[in-house]
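Peer 1: sharing a model that was predicted from the sequence below.
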Number of protein chains: 4
Amino acid sequence: MVHISSSPFAVVAAEGHLIDSQLLTAIFDTVINRGGAFEVQQFDIGRTNDEFSKLTMKVTAPDAASLSALVEALLPLGCHVAAEHDALVRGVDRDGCAPDDFHSTTNQRTQVRIGGRWIAVDRQRMDAAIVVDGDRAACRKLRDLRRGDRVVCGLDGVRVTPEFRDRARADFAFMSNDVSSERRVEVSVARIAAMLRETKRAGKRVVFVAGPVVVHTGGAAYFSRLVRAGFVDVLLAGNALAVHDVEQALFGTSLGVDLEAGLPVSGGHNHHMRAINVICRAGGIEPAVRDGILTRGVMHDCVRAGVRFVLAGSVRDDGPIPDTITDIVEAQDRYAAELADAGIVIVLSTMLHGIGAGNMLPAWIPVICVDINPAVVTKLADRGSAQTIGLVTDVGLFLHQLASHLTPGDSR
Amino acid sequence: MVHISSSPFAVVAAEGHLIDSQLLTAIFDTVINRGGAFEVQQFDIGRTNDEFSKLTMKVTAPDAASLSALVEALLPLGCHVAAEHDALVRGVDRDGCAPDDFHSTTNQRTQVRIGGRWIAVDRQRMDAAIVVDGDRAACRKLRDLRRGDRVVCGLDGVRVTPEFRDRARADFAFMSNDVSSERRVEVSVARIAAMLRETKRAGKRVVFVAGPVVVHTGGAAYFSRLVRAGFVDVLLAGNALAVHDVEQALFGTSLGVDLEAGLPVSGGHNHHMRAINVICRAGGIEPAVRDGILTRGVMHDCVRAGVRFVLAGSVRDDGPIPDTITDIVEAQDRYAAELADAGIVIVLSTMLHGIGAGNMLPAWIPVICVDINPAVVTKLADRGSAQTIGLVTDVGLFLHQLASHLTPGDSR
Amino acid sequence: MVHISSSPFAVVAAEGHLIDSQLLTAIFDTVINRGGAFEVQQFDIGRTNDEFSKLTMKVTAPDAASLSALVEALLPLGCHVAAEHDALVRGVDRDGCAPDDFHSTTNQRTQVRIGGRWIAVDRQRMDAAIVVDGDRAACRKLRDLRRGDRVVCGLDGVRVTPEFRDRARADFAFMSNDVSSERRVEVSVARIAAMLRETKRAGKRVVFVAGPVVVHTGGAAYFSRLVRAGFVDVLLAGNALAVHDVEQALFGTSLGVDLEAGLPVSGGHNHHMRAINVICRAGGIEPAVRDGILTRGVMHDCVRAGVRFVLAGSVRDDGPIPDTITDIVEAQDRYAAELADAGIVIVLSTMLHGIGAGNMLPAWIPVICVDINPAVVTKLADRGSAQTIGLVTDVGLFLHQLASHLTPGDSR
Amino acid sequence: MVHISSSPFAVVAAEGHLIDSQLLTAIFDTVINRGGAFEVQQFDIGRTNDEFSKLTMKVTAPDAASLSALVEALLPLGCHVAAEHDALVRGVDRDGCAPDDFHSTTNQRTQVRIGGRWIAVDRQRMDAAIVVDGDRAACRKLRDLRRGDRVVCGLDGVRVTPEFRDRARADFAFMSNDVSSERRVEVSVARIAAMLRETKRAGKRVVFVAGPVVVHTGGAAYFSRLVRAGFVDVLLAGNALAVHDVEQALFGTSLGVDLEAGLPVSGGHNHHMRAINVICRAGGIEPAVRDGILTRGVMHDCVRAGVRFVLAGSVRDDGPIPDTITDIVEAQDRYAAELADAGIVIVLSTMLHGIGAGNMLPAWIPVICVDINPAVVTKLADRGSAQTIGLVTDVGLFLHQLASHLTPGDSR
């Protein structure tokens, strides 16, 4: 067609499980949604479930700027410019700012071409810049860029490899599950238990991200069992989880009555503040445990079991207690450090901390989100990867079930 | 005040736990919201938790019509016109229609004054007329009125006694619980189990109203346990519960895989229709059980255990199977008959059938609503009584917990 | 591979926008999920957005029964057995029952091969049998089968053509929208208004399916405007919508206060029953309009404008009024008759009637579901087609916006 | 009863609209729930709607500790120990910690008795200590206590006066509304508009607390109108609102397409990061406006109109931009300063910042919460006061409606 041939065009290529992962659909959709056109030059379909497919495609757009935006939008879908060039690298001219055309990362595996060689990018996470240092490249948040850092810009020399849904995996079907409250939760719990055992056996770390609902719904005792059984390597949470847990631990009788009765006790808010005051006076959770002030509960058990915890502050915190990191930049850095080598991440009823953690993770780390509110699960899953599993259920009962599947011996 | 004294007024009285049940607040609110004014003539407060309070109050309204509407609105709150007259009774002039000013019932205990005596109204339910026959009075739905029936009209000679929240009851605090997903469900399950045991011990009947989510969430096996343990006297449901249950029972392997896998199987809808076809061919569920076609599942276990079930049709039904009552007037009558002597009603994940059943119940029958969607629980509770308990949780896990609290011996 | 070649296999073919519509992904997923294997024999990709793709694939399964179930599961995805045979037709031996291996329909365009010719199936809907009569074939519900009807069975000679998402359509992107409350509703309303205008211009019919929330949320006045402007050809609803609307119309002042005040008025339930009584006495809505008893509201405006309405009964109905069809089989048939030539269907806040209507529609009729509860929208969309649009928003405000986009002249 | 008379007891008194506000019910419930008993010594009911009621009551508990906890629980309900003593004041021995038995405040009006005189407590807020300085007393957060501060402890000499629901107010009925999506929003919007006009006329300040959903749902343009019309005095938000708004402002075309199309654009996350980079490079929002980089949108309009904004950081922030306060203690202090003299607070779709702001407010400031998720509205309302109004609706359409009710002239 004359019209098209006179338009600017690019030839892009992609390779992988393009159909299984619905990448091919997404690629074509993206071209059309952005007002472009495509012409498949070559497509070799994987003949069996194991084989990759290969695509070479010519994309056209009305003008050069649109074409550039279009190709940029195709990158996260695994397309790369067919003609190979080195990545363009520019220097940072001001701390905390990237060049205008910096490559903003996804959470997918990324390679950059430097000096004719494709280099895998380290510390993959979304919404970062790629800093090149000699023959290494790594993600860095904008705020951590420093004058002189060499940052990848533009579209050339960048290759993204989306996670492929792997139908050969035992949990393939489980993974591709929709979010719904009309599912049999027990089956999912058994699978998650299996994934946790497998993670531990593989010597990887299990990270829990938990909100205070874990305590309200009576899940704390079961979570403590997981801690003691060795299935919690790190706990990422906020001030509220810790305070609610401490409150339950300290005001055993009255709040024992409360959780026993399933009722709000008048004056309970009062206990909340007294719990904060006790921990502040003790100088924090660890000193409170050491000094015999805090003798039970999730936080106590974490201290005793040597489970690291990071409490990130938020504008709705009461107190906060000394353990809570009030600067959110520092809190993010601490979260990121703990997530760096996570084998699996389980988010329990906390949209705030769950999204915070999710932003830091590469796409290939399995994330399990449990919440009774389907909107929260959907929102967390949307930001995640093909590896995200959402479970709409009661968190207290979920933890009860999960703890009954896992025994101390399993974690070794 | 001159203005008020020249307005039409009425003197009303009420007696009972007016403060505990927030009736006094509601009475005053109603007067003010409707543009009236009140003057308390006498109020004797119950000095202790056990004593009743007594109110005599003069209410004024701008005109006679408003006053009448106002006093009518105060009736369900336990107020009655202080001056005692017999109830006005009019004859029905046309089948299925009441006189224009008929007294429309609430679900609260009601008495009418006939021949100078206060008579308790039988078959109390909301949205009915009161038919007087000699020295008896009973609720009757408008559609069941027949020419010549004598119906109570107007405001005189009608007394409503709202259920009082009884703080002396062990489950008082439990009953007054708010709807929230942030509660410890385990405590509530234990209480409900205790209520079921108590109901059976008292020789009363346990009625379950259940939606198909019971099957989807894997609760069917646990519900069957309750059936076999004798904790289900009646099952009120719709076509869908039965069909989903039969489908699971008949296509054991493939749907066993489904529930085992927690996954939608392509072609599952197919099984749904085949299940319907099988039951239609057998002539219904009972024949299918008798003929050895249906050998497991909730419906099978109900037939075997002699549990009566009523399946009410709806416009979204597939099939329906022969057991489903397609006429909703007949279905309502059958539901009402089964609910007539219910000791407790438990609604599992069905707004449609739950509201249907709730409409038929007097206020003093405890109703427990379990649903993962808080909006459903709130809506069911809104139509209920002080005795309604809402539980926001996963129905499958709820049934698992409940079944583990109840053993066959308990039901006798 | 020896193992595979000794397994039973079938060769299936498919053709169409297999990638755009994610059919190819679904086809491969289905094979693997059901324990089969596939080998693509030929795949010609559509080179541009307009071209079809063509697939020929060999599928293997462990045994003949699995293979048969697998091929059956592939049918709704557009696959058909490559070798062409006539469909197997069996006679019905009992009213209301199909042969055990009857083909259970989807809502997709279907053809059957009879006497060597492919015949399009009439009255396409899901969950039906296909009855062959001479050289015609049509969907029929199981309950409508009669002894001697000739019904298509098995897999041979059946071809399903799934709706393809058509990227060339102006509303392609709109159609593929996810369900979320975090969207700009105004854009969607403008599109829906355009679709309605287009539907009317094309001489097709607009069907609304509406719940009582339309009245509660103040949407009735705006819906009436649509009725008067000619944008409502049929109204499918239940007893509650009509009763709430009549109640608002009859008790103007008091309920005018209610909707004006946004408040529940004590005694309002009373009005509900009086409204029912008035309509029962009048003999129905149309007589009530004719006799000047009902002079405003949605139902009145429908009668005046000659808009047909069908009210389907349900077990939670009060009354019901004489217009409500109490037998749900008859109600389904009446719904189905009105939906037979619908050009577009808009479902407003009613899961019950929305699913009922959705079950009757072929996949190519656009359905728009509006509800403030995302779970309802998701559930309705799940049962729908590629043409389903979900909108999570306030129904009252939605109708306000929609009415402001549409003027009487537009509907002609 | 001998048992009771030998138990420890206290005599408490309360005065006010005890019935209207359901305080009397709550008082009695609290006594019984905590295992105590009560005996009303005197109760004078307000005879008309305007008159106060007065209660004197003897409460008994099993032991002295329970009695003390019980009386403490009755304080927030307006009860005070009948016998008048001065408040007990203790010195702070450690920065950031209160004495163990400090009085933890509610958000209700509080007085303390010092030197025989009742002093009103300044800066009332919940979860604080009361610091006495000469003849003044004020709330102070625990973390702001300094060694030597004199803090009120125990129960004596503290009086709390709960807000009474005032039936005489025009908006009484509106205020007491339940949370439901089945309401007519238009009526509520008109009332809120009237409240805003009244607030401005009274010379008080209107504070908005807003989440990014305001931008997603297309509400930004309407919110900007409110800013320009003078109806926004302060904007409390987070990093996300600002970034989403800037992104929309900067990438007009592409995101114009996005909001116009109601669609996620691939690569949109990219724009998100570029927006952050632009603002970081500019040095913040105000410099970006000054330098002509940011020329439209909510943040721009706030700068131009001199509307103060405070952006509180959170662990899920991207960036954050320089305007975002990353330390949450500082952010809380800045929020609190802006809320100190608020006349009305409107929370738009943000649970995090809404709860943060709600914690800082005294009970008598009206708070309006708008969210499409009923759970969020319920949660915010639970922490609020009798003055909290919840509205379950689409935020974009709400702002459209609200802006159409308010014109610039109204704000003066």
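Peer 2: Structure received. Numbers count the residues shown, from 1 in each chain, chains lettered A, B, ... in the order given.
Peer 1: contacts and neighbour counts: CA atoms only from here.
Peer 2: OK.
Peer 1: just for chain A, where's the confidence low?
Peer 2: A:1-6, A:165-183, A:252-268, A:382-387, A:412 (pLDDT under 70).
Peer 1: residue nearest the middle of it, spatially speaking?
Peer 2: Geometric centre of chain A, nearest residue: A:Gly358, 2.4 Å, by CA atoms, centre = their mean.
Peer 1: so the helix or strand hosting it, near chain C or not?
Peer 2: In the assignment (DSSP states H and E), A:Gly358 maps to helix A:351-360. No - Helix A:351-360 stays clear of chain C (CA under 8 Å from any CA of the partner chain), getting no nearer than 15.4 Å.
Peer 1: relative to helix D:351-360, how tilted is that helix?
Peer 2: Inter-element angle recorded for helix A:351-360 and helix D:351-360: 140 degrees (by axes from the mean of the first three to the mean of the last three CA atoms, to 10 degrees).
Peer 1: and helix A:351-360, what does it pack onto?
Peer 2: Secondary-structure packing of helix A:351-360 (3 or more CA pairs under 8 Å, 6 or more residues apart in numbering or on different chains; DSSP states H and E): strand A:205-210, strand A:234-238, helix A:328-339, helix A:374-382.
Peer 1: let's see it as PDB, backbone CA atoms only.
Peer 2: The C-alpha trace of helix A:351-360 is given here as PDB (Å, rounded to 0.1, in the frame of the first residue of the first chain):
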ATOM      1  CA  MET A 351      -2.500  -2.700  49.800                       C
ATOM      2  CA  LEU A 352      -0.100   0.000  50.900                       C
ATOM      3  CA  HIS A 353       2.900  -2.200  51.800                       C
ATOM      4  CA  GLY A 354       2.000  -4.800  49.200                       C
ATOM      5  CA  ILE A 355       2.300  -2.300  46.300                       C
ATOM      6  CA  GLY A 356       5.400  -0.900  47.900                       C
ATOM      7  CA  ALA A 357       7.000  -4.300  47.800                       C
ATOM      8  CA  GLY A 358       5.600  -5.200  44.400                       C
ATOM      9  CA  ASN A 359       7.200  -2.100  42.900                       C
ATOM     10  CA  MET A 360      10.600  -3.400  43.900                       C
END
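Peer 1: how far is that helix from where the chain is centred?
Peer 2: 6 Å (CA atoms, centre = their mean, to the nearest Å).
Peer 1: can you pull out the residues in contact with it?
Peer 2: Helix A:351-360 has contacts (CA atoms under 8 Å, 6 or more residues apart in numbering or on different chains) with A:125-126, A:209-211, A:236-238, A:332, A:335-336, A:339, A:347-348, A:376, A:380, A:383-384, D:315-317.
Peer 1: ok, and for that helix, which residues are buried?
Peer 2: A:351-360 (16 or more other CA atoms under 10 Å in any protein chain shown).
Peer 1: and A:Asp86, how close does it get to chain B?
Peer 2: 45 Å (CA to the nearest CA, to the nearest Å).
Peer 1: now A:Thr407
Peer 2: From A:Thr407 to chain B the distance is 20 Å (CA to the nearest CA).
Peer 1: quick one, phi/psi of that residue?
Peer 2: phi -120, psi 160 (degrees, to the nearest 10).
Peer 1: check contacts around it.
Peer 2: A:Thr407 neighbours (CA under 8 Å, 6+ apart): A:Ala229.
Peer 1: ok, 10 Å please
Peer 2: By CA atoms under 10 Å, 6 or more residues apart in numbering or on different chains, the residues touching A:Thr407 are A:197, A:225-226, A:228-231.
Peer 1: with just CA atoms, put stretch A:120-128 into CSV.
Peer 2: Presented in CSV, the C-alpha positions along stretch A:120-128 are these (Å, rounded to 0.1, in the frame of the first residue of the first chain):
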residue,chain,number,x,y,z
ALA,A,120,22.2,-8.6,31.5
VAL,A,121,20.9,-5.8,33.7
ASP,A,122,21.3,-6.3,37.4
ARG,A,123,18.9,-5.6,40.2
GLN,A,124,16.0,-5.5,37.8
ARG,A,125,13.0,-3.6,39.0
MET,A,126,10.4,-1.3,37.4
ASP,A,127,10.5,2.4,37.1
ALA,A,128,14.3,2.7,37.3
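Peer 1: roughly how far out does it sit from the chain middle?
Peer 2: Taking CA atoms, centre = their mean, the mean C-alpha location of stretch A:120-128 is offset from the chain mean by 13 Å.
Peer 1: next: stretch A:330-349.
Peer 2: Relative to the chain's own centre, stretch A:330-349 is displaced by 8 Å; criterion: CA atoms, centre = their mean.
Peer 1: and that stretch, anywhere near chain D?
Peer 2: Yes - contact of stretch A:330-349 with chain D (CA under 10 Å from any CA of the partner chain) involves A:330-333, A:335.
Peer 1: tell me which residues form a beta bridge with A:Ile130?
Peer 2: A:Cys139 (DSSP bridges).
Peer 1: I figured it hits A:Asp144, correct?
Peer 2: No - using CA atoms under 10 Å, A:Ile130 is not in contact with A:Asp144; the gap is 11.4 Å.
Peer 1: more neighbours: the two, which one.
Peer 2: Shown here are A:Ile130 and A:Asp144; by other CA atoms under 10 Å in any protein chain shown, A:Ile130 has more neighbours (31 against 15).
Peer 1: so the closest residue to A:Trp118 other than its chain neighbours, which of the three states?
Peer 2: Spatial nearest neighbour of A:Trp118, chain neighbours left out: A:Val112 (5.4 Å); criterion: CA to CA, 6 or more residues apart in numbering or on different chains. Following DSSP: H, G, I helix; E, B strand; the rest coil, we place A:Val112 in the strand state.
Peer 1: what sits against A:Val112?
Peer 2: A:Val112 sits next to A:85-88, A:118-121, A:130, A:132, A:136-138, A:152, A:156-160 when contact means CA under 10 Å, 6+ apart.
Peer 1: if you set the cut-off to 8 Å instead, what comes out?
Peer 2: A:Val112 sits next to A:86-87, A:118-121, A:137, A:157-159 when contact means CA under 8 Å, 6+ apart.
Peer 1: go on, A:Met126?
Peer 2: A:104-108, A:359-362.
Peer 1: most neighbours, which of those?
Peer 2: Counting neighbours by other CA under 10 Å, A:Asn107 leads these with 27 neighbours.
Peer 1: angles on the backbone of that one, please.
Peer 2: According to degrees, to the nearest 10, A:Asn107 has phi -90, psi 10.
Peer 1: and A:Ala14, how far is that from C:Gln42?
Peer 2: From A:Ala14 over to C:Gln42 the distance is 20 Å, taken as CA to CA, to the nearest Å.
Peer 1: before we move on, the earlier item: run through the bridge partners of the residue nearest to A:Trp118.
Peer 2: Going by DSSP bridges, A:Val112 forms beta bridges with A:Ile119, A:Val158.
Peer 1: repeat that for A:Ala13.
Peer 2: Going by DSSP bridges, A:Ala13 forms beta bridges with A:Thr56, A:His80.
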